[in-house]
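Visitor: attaching a predicted model along with its sequence, questions to come.
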Amino acid sequence: MTTLHPGDVDLRCSVAGVELPNPLMTASGCAAAGRELHQFVDVSSLGAVVTKSVMEAPRSGRGTPRMAETPSGMLNSIGLQGPGIEGFLEHDLPWLRAVGARTVLSIAGVSVAEYAQLARRLRRVLGIVMVEVNISCPNVEDRGQVFACDPGAAAAVIGAVRAELRPEVRVLAKLSPDVTDVVAVARSVVAAGADGLTMINTMLGMAIDTDTMRPVLAGTTGGLSGPAIRPVAVRCVYQVRAALPQVPIVGVGGVRSGRDALELMLAGADAIQLGTVLFHDPNAPVRIADELRAELATRGVSKLADVVGHAHRLGVT
Ligand code: RRO
């Protein structure tokens, strides 16, 4: 048997018809609009840069402290800090275009009308390959604004965005793991026009400082990310892939290595986002791409697409 060389492994992938040179994207909120990361990794070499979620107006976010470490992950309570859509279009998108990045714009709002307005603003904007609709931010004023926790509310947002965007701009819906039935939410947003799903956002968590005896985060609760949530991401991707095998999935949650990325792809992810790992290893997209090639070569797999959803083909339930 001839051994496959990692360099011969084809990492190209396609998400909802959008062709990417490799499956590794940044996760929203973990690399802003890519500028800082570009000091370490040429962001045009990534599958895509997914921006921090942009709202209609500039926003300063929650008070500090906004981050807390846990033994197996990180809690954040940023609260949607950002430049607003005009600031993003004026300062960030031109830079992303100039460096040749494939840009996925993440958008967020507090109402269906705000999401619709954002999508309308994008109608004449070029240079965005997909829009990721963040309906699952845990750090909002009330849980009623976590649209992804309710299939009907989630569908209302996605339907409004779909109706306003140019038809060729693909729409990803970013889902929350903090639900009883993620498949029900997935079905609902796909019926409303989502071209694909990003799973998962952070899980709502909390830490208390036992010396001060007060919550660590100024926002009290925060989103848990990192290795602790990877099995939850694998489970969500697996369940949705089983129920909706034709729907593209971008897997995200605690990926730190090529093997972790492979696991999510075996569960059914067509592409992968890297989040928390970027904070301690900004070179992770390059390292993980190399590791993924090596993992596939070891298994005699020459094309990434051949492993997507493979765990289902073995009939594992
Ligand atoms: O800004 C945030 O606090 C935040 C967002 Br928008 C999100 O989607 N997920 C998260 O963990 N934090």
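Guide: Received it, and whenever you're ready, just let me know what you need. Numbering: from 1, shown residues only.

Visitor: which residues does the closest residue to the ligand within the stretch 151-300 of the chain form a beta bridge with?
Guide: Minimum separation of the stretch 151-300 of the chain from the ligand (C-beta to the nearest ligand atom) falls at Gly223, amounting to 2.6 Å. C-beta: built from backbone N, CA, C; applies to glycine. Applying DSSP bridges to Gly223 gives these bridge partners: Asn76, Leu204.

Visitor: now do it against Met130, distance only.
Guide: 22 Å (C-beta to C-beta, to the nearest Å).

Visitor: likewise Ser53?
Guide: Distance from Ser53 to Met130, by C-beta to C-beta: 14 Å.

Visitor: next: Ser44.
Guide: 16 Å.

Visitor: which one of those two is surrounded by more residues?
Guide: Met130 (25 against 15; other C-beta atoms under 10 Å).

Visitor: any idea how far that one is from Val232?
Guide: 24 Å.

Visitor: same check on Asn201?
Guide: 11 Å.

Visitor: can you pull the contacts of the closest residue to Arg97 other than its chain neighbours?
Guide: Computed as C-beta to C-beta, 6 or more residues apart in numbering, the closest residue to Arg97 that is not its neighbour in sequence is Gly127, at 4.5 Å. Going by C-beta atoms under 8 Å, 6 or more residues apart in numbering, Gly127 touches 93, 96-97, 103.

Visitor: with Ile249 instead?
Guide: Contacts of Ile249 by C-beta under 8 Å, 6+ apart are 196-199, 237, 240-241, 268-270.

Visitor: 10 Å instead?
Guide: Counting by C-beta atoms under 10 Å, 6 or more residues apart in numbering, Ile249 touches 15-16, 172, 175, 186, 196-199, 236-238, 240-241, 264-265, 267-272, 308-309.

Visitor: then Ala119?
Guide: So Ala119 contacts 107, 109, 131, 133, 157, 160-166, 169, 171 (C-beta under 10 Å, 6+ apart).

Visitor: would you mind giving the secondary structure of it?
Guide: helix (DSSP: H, G, I helix; E, B strand; the rest coil).

Visitor: which one is it nearest to, not counting chain neighbours?
Guide: Closest residue to Ala119 apart from its sequence neighbours, by C-beta to C-beta, 6+ apart: Glu164 at 3.6 Å.

Visitor: what about the strands in the stretch 201-317 of the chain?
Guide: 203-206, 208-209, 214-215, 221-225, 249-252, 271-274 (DSSP state E, counting those that start in this stretch).

Visitor: and for Asn201 and Val232, which residues touch both?
Guide: In contact with both Asn201 and Val232: 177-178, 253, using C-beta under 10 Å, 6+ apart.

Visitor: neighbour-wise, which one of the residues you listed leads?
Guide: So for the shared contacts of Asn201 and Val232 (other C-beta under 10 Å), the most neighbours sit at Gly253, 32 neighbours.

Visitor: how about the helices in the stretch 101-250 of the chain?
Guide: Using DSSP state H, counting those that start in this stretch, the helices assigned to the stretch 101-250 of the chain run over residues 112-121, 151-164, 182-191, 230-243.

Visitor: would Ser14 count as being in a helix?
Guide: No - with three-state DSSP as the criterion, Ser14 is strand rather than part of a helix.

Visitor: on that earlier part again, against the ligand, how distant is the residue nearest to Arg97?
Guide: Separation of Gly127 from the ligand (C-beta to the nearest ligand atom, to the nearest Å) stands at 22 Å.

Visitor: ok, Ala297 - how many residues close by?
Guide: Count around Ala297 with other C-beta under 10 Å applied: 17.

Visitor: contacts only, for it.
Guide: Contacts of Ala297 by C-beta under 10 Å, 6+ apart are 3-9.

Visitor: from those residues, list the buried ones, please.
Guide: The neighbour count (16 or more other C-beta atoms under 10 Å) marks 4, 6, 9 as buried among the contacts of Ala297.

Visitor: dump these to CSV, plus pLDDT.
Guide: Output for the buried ones among the contacts of Ala297, formatted as CSV (pLDDT from 0 to 100):
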residue, pLDDT
Leu4, 93
Pro6, 95
Val9, 96
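
Visitor: of the contacts of Ala119 - the most surrounded one?
Guide: Ranked by neighbours (other C-beta under 10 Å), the contacts of Ala119 are led by Val133, which has 31 neighbours.
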